[in-house]
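K.L.:
Need a 3D model of the following:
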Amino acid sequence: MSENRETTRYERGLAKALELGGQADPQTVASVGDLGRYLVWFVFGDIYSRPGMSLRERELVAVAVLLALGRETQLRVHLKAALHIGITWQELEEIVLQTVLYGFPLANERKHSGRTCLSPPGTTPASSILWGTSFPRGGCCTCGSGCSGRVSFSCPP
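P.N.:
Next up, the predicted model:
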């Protein structure tokens with residue numbers, strides 16, 4: 001890419017980051033090295049600057065996704081940005097409540113995995129009785145590798 005185009009992406013990215021209330025001055029970006037430059041170019045200069053969604057809509061999506069992924073450090077940054085651009089505490093609370101709904105399937109999956117992995121070797125996993133699924137005897141719910149009845153809420157490597 002030409003330097004002129006990179007400069008334009010960078011300047012556009014700095015402006016968008018500042019619009020969100022970020023610390024996007026060149027010294028802050030430079031302190032992170034190439035990663036800082038790439039963040040400004042790509043995240044703010046390309047993605048956040050695209051047409052089709054408002055900055056408000058992008059921040060609502062970012063907050064919801066970060067909540068769902070459990071990315072607390074980035075969530076704090078985006079909560080602050082959301083408030084900076086006019087999203088209210090009440091709206092953020094509604095996003096939290098809406099994302100709770102999608103925590104139930106995750107909890108159900110973890111419960112399912114745990115019951116399967118807790119089944120004694122050579123027996124039908126409890127989850128197959130409860131959920132009508134069939135897994136290898138003593139196997140784990142997703143990998144079938146044979147958990148040997150050890151206590152685990154995730155499949156062995």
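K.L.:
only C-alpha atoms for contact and neighbour calcs from this point on.
P.N.:
Noted.
K.L.:
How many residues are close by residue 15?
P.N.:
Other residues near residue 15 come to 19 when the count uses other C-alpha atoms under 10 Å.
K.L.:
does it sit in a helix or strand, and which one?
P.N.:
helix 3-19 (DSSP states H and E).
K.L.:
Can you point out the buried residues in whatever helix or strand comes next after that helix?
P.N.:
Per DSSP H and E, the first helix or strand lying C-terminal to helix 3-19 is helix 26-31. By neighbour count, and taking 16 or more other C-alpha atoms under 10 Å as the criterion, the buried residues in helix 26-31 are residue 29.
K.L.:
Tell me the first helix or strand C-terminal of helix 26-31.
P.N.:
helix 34-38.
K.L.:
So for that following helix, mean pLDDT?
P.N.:
Mean pLDDT, helix 34-38: 90.
K.L.:
Which helix or strand lies directly C-terminal to that helix?
P.N.:
helix 55-69.
K.L.:
Give me the angle between that following helix and helix 3-19.
P.N.:
Inter-element angle recorded for helix 55-69 and helix 3-19: 80 degrees (by axes from the mean of the first three to the mean of the last three C-alpha atoms, to 10 degrees).
K.L.:
Show me what the helix or strand just after helix 55-69 is packed against.
P.N.:
Once helix 55-69 ends, the next helix or strand along the chain (criterion: DSSP H and E) is helix 72-84. Applying 3 or more C-alpha pairs under 8 Å, 6 or more residues apart in numbering; DSSP states H and E, one finds that helix 72-84 makes contact with helix 55-69.
K.L.:
give me the number of residues near residue 55?
P.N.:
Around residue 55 sit 18 other residues, with neighbours defined as other C-alpha under 10 Å.
K.L.:
That one and residue 48 touch, don't they?
P.N.:
Yes - here residue 55 lies in contact with residue 48, judged by C-alpha atoms under 8 Å, at a distance of 7.1 Å.
K.L.:
thinking again about what came up before, flag every buried residue along the helix holding residue 15.
P.N.:
Quick answer for helix 3-19 (16+ other C-alpha under 10 Å): 9-17.
K.L.:
Thank you, goodbye.
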